[in-house]
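[1] sequence below, structure please.
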Amino acid sequence: MPEAVLLDASAVLALLHEEPGSAQVAAVLPAAAIGAVNLAEVLIVLERHGVPPADARRAVDALALDVLRADDETARAAAVVAAAGRPARSALSLGDCFCLATARLTGRTVLTADRAWAGLRTGVKVVVVR
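    Below is the predicted model of the structure:
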């Protein structure tokens, strides 16, 4: 069985736009999940790029990702991630912090298309797909 992974928004967007790294993301879909905060980020980005909301939801739903909830434990862990990532603060958005926190709490590896994550030291295994 494939390793359980967590996709950040950039990985899902790379897949949906068939960008470099999309094949690597597609290969892990059966074992993939996304955090609720990153799901919102994907939908927002698609809509900002002119995709009608219903089409954006259908595209994401077609991936059949498990959606992991964000709660107070995740929020507190995201704050810890943000503090640990201070030297790279500009590279970590709120969504990034929630993604890394969710991965830490669930023991999942994160797949991202964001090269800035390559040097992060958050205690989470990160695979950059491009």
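
[2] low-confidence regions, the protein specifically.
    1-2, 85-91 (pLDDT under 70).

[3] mind doing that once more with 90?
    Within the chain, the segments meeting pLDDT under 90 span 1-3, 81-93, 115-123, 130.

[4] mind listing what the residue nearest to Ala36 when sequence neighbours are not counted touches?
    Take Ala36 and drop its neighbours on the chain: the residue closest to it by CB to CB, 6 or more residues apart in numbering is Ala70, 4.8 Å away. For every residue, glycine as well, the C-beta is placed using N, CA and C. Going by CB atoms under 8 Å, 6 or more residues apart in numbering, Ala70 touches Gly35, Ala36, Val37, Phe98, Thr102.

[5] burial of the fourth one, as a residue count?
    Which is Phe98. For Phe98, the neighbour count with other CB atoms under 10 Å is 25.

[6] repeat that for the third one.
    Here the count is done by other CB under 10 Å, and Val37 has 24 residues near it.

[7] ok, now how distant is it from Ala82?
    Separation of Val37 from Ala82 (CB to CB, to the nearest Å): 13 Å.

[8] what's the overlap in contacts for these two?
    Counting by CB under 8 Å, 6+ apart, Val37 and Ala82 have no shared contacts at all.

[9] contacting residues for the spatially most central residue of the chain?
    The structure's the chain has its C-alpha centroid closest to Asp8; by CA atoms, centre = their mean the separation is 1.0 Å. Contact analysis of Asp8 by CB under 8 Å, 6+ apart lists Ile34, Asn38, Gly95, Asp96, Cys99, Val110, Leu111, Thr112, Ala113, Asp114.
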